[in-house]
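Peer 1: Got a sequence here, can you model it:
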Amino acid sequence: MFEDKEIGNVPLRLNEYIRVLKLTRKPSREEFSVIAKVAGAGILLVGLIGFIIYILITVMPGWFK
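Peer 2: Predicted structure coming up:
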């Protein structure tokens with residue numbers, strides 16, 4: 001179950017991490033801008049959904065009295 005956490009596999013896991021890091025590259029300004037916009041929109045959407053749920057839970061019970 002936890003074979004990859006053994007002491008014997010540490011160099012193997014480290015080599016996998018190094019290989020992945022070598023494949024990465026710095027995003028262009030346009031790529032970063034698009035990713036930031038999508039992430040920001042997602043955060044706003046989740047916040048809006050949470051706010052709507054909060055309003056429904058706190059305000060709606062008063063409507064039925």
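
Peer 1: quick one: the spatially most central residue of the chain and residue 60, what's the gap?
Peer 2: Here the mean C-alpha position of the chain is nearest to the C-alpha of residue 39 (C-alpha atoms, centre = their mean), at a distance of 8.6 Å. For residue 39, the distance to residue 60 equals 31 Å [C-beta to C-beta, to the nearest Å]. Yep, even glycine has a C-beta here, placed from its N, CA and C like the rest.

Peer 1: can you check residue 49 too?
Peer 2: Residue 49 is 16 Å from residue 60, by C-beta to C-beta.

Peer 1: Can you list the low-confidence ranges for the protein?
Peer 2: 1-11, 64-65 (pLDDT under 70).

Peer 1: hey, which helix is longest across it?
Peer 2: As assigned by DSSP state H, the longest helix anywhere in the chain is helix 29-63.

Peer 1: Count residues in the vicinity of residue 44, would you?
Peer 2: 10 (other C-beta atoms under 10 Å).

Peer 1: oh, I was asking about residue 38
Peer 2: 10.

Peer 1: Let me see the contact set for it.
Peer 2: Neighbour list for residue 38: empty [criterion: C-beta atoms under 8 Å, 6 or more residues apart in numbering].

Peer 1: how close does it get to residue 20?
Peer 2: With C-beta to C-beta as the criterion, residue 38 and residue 20 are 23 Å apart.

Peer 1: Check residue 29 too.
Peer 2: 24 Å.

Peer 1: Same question for residue 26.
Peer 2: Taking C-beta to C-beta, one finds residue 26 at 15 Å from residue 20.

Peer 1: now residue 34
Peer 2: Relative to residue 20, residue 34 is positioned 22 Å away (criterion: C-beta to C-beta).

Peer 1: More neighbours: these two, which one.
Peer 2: Under the neighbour definition other C-beta under 10 Å, residue 34 and residue 20 were set side by side, and residue 34 has more, 12 against 9.

Peer 1: Neighbours of residue 33, how many?
Peer 2: 11.

Peer 1: Could you check how far it is from residue 27?
Peer 2: 9 Å.

Peer 1: before we move on, what about residue 54?
Peer 2: Taking C-beta to C-beta, one finds residue 54 at 35 Å from residue 27.
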